[in-house]
Each structure stands twice: as structure tokens, then as C-alpha cells.
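Enquirer: Sequence first, then the predicted structure:
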Amino acid sequence: MKLYLINTGKTKISYLKEGIHIFEKRIGRYISFESYELPEIKNAGRSSVHRIREAEGKNLIKYIEKSDYSVLLDEKGREFNSIEFSEYIQKLMNRGLSAVYFFTGGADGFSDEVYNRADEVISLSKMTFTHELVRLLFLEQLYRALTILKGDPYHH
């Protein structure tokens, strides 16, 4: 199984970029993984929130084939603790899926089209985080889940 993280917009804050890079490398030791940043919508400042979400949604949908499994990272989703999340990742692996796509939305969230296409919606917390910080938090939790599954001592 290959995991993908598809992000709307660029990560601009340097310490987040550094942390993201560290965890992407660590994850790659455990599972095939790729991460992409999609370009931001041009002239977004002049558009309504709805139009921005729709345009970002069309960019995200391009990455998903009908056979791919897609998971949105969204505050309205199902929550896990770290052990439960590792069990969730294991269940995805056991299903024999070839690719699982995790998506972070832009600052305004996801369009209805993206919600309708998603196979699942999960949340990292009941709290709200910036869309850039969510990337780092998710990658750390994914790495933690993989180390739990392998029995490595990262998770205490």
C-alpha cells in the first residue's frame, strides 16, 4: 500500500517545513509515501469562500481515481487516540488497498464535491488548527502509528 498526503496550498512557515520534511523521511522508512502541495487559487482574495472551496476541490479531485481510497482530514471527522489510529492504519493495510490518499484542505475547508467523494473523514482534534500546522501534526501521528505497528520505541 502506498500512502499520499495531498495538501492545498504551500507550507510557508520555515519551522513547519522543516518538521514536515523530517517526518516525511521517517515515514518513508516504514511505508511507501509521497506528499504533494497543490497550488493556491489565484486571485482568491477577490472570490467568495464558496468559490475558493469549489476551485480547490476541483484540484483535489483530480488526484483521486475511482479505485483509490480517500480520507479527508477535517475537524468534523472521526477522532482517534494514537493507538486507535495505528489500528486504523493496520486495517487499511489489511484491506489490500493499493493507494490511500489523505487530504488537507485550504484555510476555508473542503467543497461539497470533495466531501461527497471521500471514503472517510477523520479529525486530529476537536480543536481547530491552521491548515499548515495540520500537515505536521498528521505526519507526526502517521509516523507514530507506523512505529507502534512495528513495535519501535517512539511511542511511550
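Expert: Cool, got the structure. Residues are numbered from 1 along each chain as shown.

Enquirer: ok, longest strand in the chain?
Expert: Ranked by number of residues, the top strand in the chain under DSSP state E is strand 69-79.

Enquirer: who's in contact with that strand?
Expert: By Cβ atoms under 8 Å, 6 or more residues apart in numbering, the residues outside strand 69-79 that reach it are 64, 92, 95, 97, 99-105, 109-110, 114-115, 117-128, 134, 138. For the C-beta atoms, the positions are set from N, CA and C on the backbone; glycine is no exception.

Enquirer: And the following helix or strand past it, what does it pack against?
Expert: Per DSSP states H and E, the first helix or strand lying C-terminal to strand 69-79 is helix 82-94. Applying 3 or more Cβ pairs under 8 Å, 6 or more residues apart in numbering; DSSP states H and E, one finds that helix 82-94 contacts helix 131-150.

Enquirer: Sketch out the low-pLDDT regions of the protein for me.
Expert: Scanning the chain for pLDDT under 70 picks out the ranges 43-46.

Enquirer: out of the contacts of strand 69-79, which are inside strands?
Expert: Per DSSP E, those map to strands at A99, V100, Y101, F102, F103, T104, E120, V121, I122, S123.

Enquirer: quick one, what contacts the fifth one?
Expert: With contacts defined as Cβ under 8 Å, 6+ apart, the neighbours of F103 are L5, I6, N7, T8, L60, S70, V71, L72, L73, F110, V114, A118.

Enquirer: Name the nearest of these relative to F33.
Expert: Of all the contacts of F103, F33 sits closest to L5, with 7.6 Å by Cβ to Cβ.
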